[in-house]
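J.: Structure for the following, please:
(2 chains)
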There are 2 protein chains.
Amino acid sequence: MRIVLASNSPRRRELLSGLGLEYEVRTLQGLDESYPDGLSMEEIPQYISRKKAAAYMLEEDELLITADTIVWLDGEVLGKPADEEEARQMLRKLSGKTHQVITGVTLTYNEQCTMNNENKQHSFASVSQVTFAQLSDAEIDYYVTHYHPLDKAGAYGIQEWIGYIGVTCIEGSYFNVMGLPVQRLYTEMKKLNLDPLIPFRGK
Amino acid sequence: MRIVLASNSPRRRELLSGLGLEYEVRTLQGLDESYPDGLSMEEIPQYISRKKAAAYMLEEDELLITADTIVWLDGEVLGKPADEEEARQMLRKLSGKTHQVITGVTLTYNEQCTMNNENKQHSFASVSQVTFAQLSDAEIDYYVTHYHPLDKAGAYGIQEWIGYIGVTCIEGSYFNVMGLPVQRLYTEMKKLNLDPLIPFRGK
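T.: Presented below is the predicted three-dimensional model:
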């Protein structure tokens, strides 16, 4: 079985590599990432990860990994900022508060040895809490100007300068905040008997 | 003021660089890292970081950063394993449990504009909790054989494979577990009016 990571995010690629898995990357541009009203914070990114999966045609013996990460503050989703001004606004909102980062992951694969050719699908979500210190306007401005976080939900990368100087505490998985809950992914793969993909089992 | 990092750890260098600070590295080999009985888990690494500082002679206008990280499990310090067998034993102890990682940091510097030439010193400790999933012998063996964690307290690096597949949850600072609580360090430097060293303030 071959692993296919459907993600444009270099951070997700780095994280999946950290598990020691071999995989190929397949991406599509311009996918619709909208979702219906009324979903919970855990359901939203799982819904989007399934929507991403639906856009791919799987070959035999492939395991497709799709994921979506959202930032949730006081019942509101903070998406990717449209411009630097919105990035500054988001960081001012996050300053001095605790928010949630939720990554939804969907594994899509062909069941081996079955008569029909239907794909199986398994989704899960991982929630981490992140607490920011009070950020000054000078700190926010320095970060936005130097790091241009327009490709990041909530306008920050925890592995960048703002995470170093600003994050006082996290609760949950750090890698989940970066974009992929790798420990949970590993556990779910073991549950689904996808063990042969794990380095020391496949050898 | 120039920052001097007294550490052989490439992880601490990477973390300090992440704050955007410029610094030089100065190291001594074979420092005595023993400590008296009866110290608390927060006191032990602070004591060792002060002991490390005492081994250095500071020039004028230098800020010396020394640090020590310990792993604390059920009232016991897990140091660096002597060999691979001890590394395996430590990981079997950590498996399925929550432990504490404590980094003690000491800042030593000359007070500017004082008549005497005495060094000022300020120590603090940061505590993170780390929870490991149940690790199988195969997983422990794969990690120890491929990553040789003999230079790491508790026989693991959270940023390595074992952290990816094994750590279910952390509470506190991730960077502290890696070896330097950078957010706290940044805050303490601001308190001590060492702001000019911070990138956007010094320019």
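
J.: Quick check: which element contains A:Ile3?
T.: Assigned by DSSP states H and E, A:Ile3 belongs to strand A:2-5.

J.: buried sites along the helix or strand following that strand?
T.: Under the assignment DSSP H and E, the closest C-terminal helix or strand after strand A:2-5 is helix A:10-18. The neighbour-count check on helix A:10-18 (16 or more other CB atoms under 10 Å in any protein chain shown) flags A:Arg11, A:Arg12, A:Arg13, A:Leu15, A:Leu16, A:Gly18 as buried. Just so you know, the C-beta spots here come from the backbone N, C-alpha and C atoms, and that holds for glycine as well.

J.: Which SSE is immediately downstream of helix A:10-18?
T.: Downstream of helix A:10-18, the next assigned helix or strand under DSSP H and E is strand A:23-25.

J.: The helix or strand just after that following strand: which residues count as buried?
T.: On the C-terminal side of strand A:23-25, the closest following helix or strand by DSSP H and E is helix A:43-54. Residues of helix A:43-54 classed as buried: A:Glu43, A:Ile44, A:Pro45, A:Gln46, A:Tyr47, A:Ile48, A:Ser49, A:Arg50, A:Lys51, A:Lys52, A:Ala53 (neighbour count, 16+ other CB under 10 Å).

J.: cool, and stretch A:61-79?
T.: A:62-73, A:77-78.

J.: Widest-spaced pair of these?
T.: Pairwise distances across these (CB to CB) peak at 36.3 Å, for the pair A:Glu62 and A:Leu73.

J.: what ranges do the helices span in chain A?
T.: A:10-18, A:43-54, A:84-94, A:137-147, A:161-166, A:174-178, A:182-191, A:199-202 (DSSP state H).

J.: Between those helices, pick out the one with the smallest average pLDDT, please.
T.: Sorting the helices of chain A by mean pLDDT places helix A:199-202 lowest, at a mean of 59.

J.: how about the residues of chain A near chain B?
T.: Contact residues, chain A versus chain B (CB under 8 Å from any CB of the partner chain): A:15, A:18-20, A:133, A:138-139, A:141-142, A:158, A:161, A:164-175, A:182-184, A:186-187, A:199-201.

J.: make it 6 Å
T.: A:18-20, A:138, A:142, A:161, A:164-165, A:167-169, A:171-172, A:174, A:182-183, A:186, A:200 (CB under 6 Å from any CB of the partner chain).

J.: Now which of these would you call buried?
T.: Buried among the residues of chain A next to chain B (16+ other CB under 10 Å): A:18-20, A:142, A:161, A:164-165, A:167-169, A:171-172, A:174, A:182-183, A:186.

J.: Can you tell me which of those residues is nearest B:Gly38?
T.: A:Cys169 (29.0 Å).

J.: Let me know the pLDDT of the closest one.
T.: 97.

J.: Please name the residues that touch it.
T.: A:Thr131, B:Gly172 (CB atoms under 6 Å, 6 or more residues apart in numbering or on different chains).

J.: how close does it sit to B:Glu139?
T.: Plainly put, A:Cys169 is 28 Å away from B:Glu139 if you go by CB to CB, to the nearest Å.

J.: same deal with A:Val130?
T.: 28 Å.

J.: Over to A:Asp74?
T.: For A:Asp74 relative to B:Glu139 (CB to CB), the value is 39 Å.

J.: Likewise for A:Gly104?
T.: 26 Å.

J.: out of those two, which sits in the busier spot?
T.: A:Gly104 (25 against 21; other CB atoms under 10 Å in any protein chain shown).

J.: now the buried residues of helix A:43-54 as CSV including distance to B:Val25?
T.: What follows is these, written out as CSV (distance: CB to CB, whole Å):
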residue, distance to B:Val25
A:Glu43, 48
A:Ile44, 45
A:Pro45, 41
A:Gln46, 45
A:Tyr47, 48
A:Ile48, 44
A:Ser49, 43
A:Arg50, 48
A:Lys51, 48
A:Lys52, 44
A:Ala53, 47
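
J.: Quick one: list the elements packing against the strand holding A:Ile3.
T.: In terms of contacts (3 or more CB pairs under 6 Å, 6 or more residues apart in numbering or on different chains; DSSP states H and E), strand A:2-5 is packed against strand A:23-25, strand A:62-73.

J.: Now do the first one: everything it contacts.
T.: Contacts of strand A:23-25 with the rest of the structure, by CB under 6 Å, 6+ apart, involve A:Ile3, A:Val4, A:Leu5, A:Leu16.

J.: got it, and the last one?
T.: Residues external to strand A:62-73 that are found in contact with it (CB under 6 Å, 6+ apart): A:1-6, A:41, A:44-45, A:48-49, A:52-53, A:56, A:58, A:77-78, A:99-106, A:108-109, A:153-154, A:179-180.

J.: same thing but 7 Å
T.: A:1-7, A:12, A:41, A:44-45, A:48-49, A:52-53, A:56, A:58, A:77-78, A:93-94, A:97, A:99-109, A:153-154, A:179-180, A:194 (CB atoms under 7 Å, 6 or more residues apart in numbering or on different chains).

J.: what's the answer for stretch A:74-81, then?
T.: Contacts of stretch A:74-81 (CB under 7 Å, 6+ apart): A:Ile44, A:Ile70, A:Val71, A:Ala87, A:Met90, A:Leu150, A:Asp151, A:Lys152, A:Ala153, A:Gly154, A:Ala155.

J.: Can you tell me how far the last one is from A:Gln89?
T.: In other words, A:Ala155. Taking CB to CB, one finds A:Ala155 at 8 Å from A:Gln89.

J.: who's more crowded, those two?
T.: Per other CB under 10 Å, whichever of A:Ala155 and A:Gln89 has more neighbours is A:Ala155, with 29 against 15.

J.: Could I get the contacting residues of that one?
T.: For A:Ala155, the contacting residues are A:Pro81, A:Ala87, A:Met90, A:Leu91, A:Pro149, by CB under 7 Å, 6+ apart.

J.: ok, 10 Å please
T.: A:Ala155 is in contact with A:71, A:78-81, A:84, A:86-94, A:140, A:143-144, A:147-149, A:162, counting by CB atoms under 10 Å, 6 or more residues apart in numbering or on different chains.
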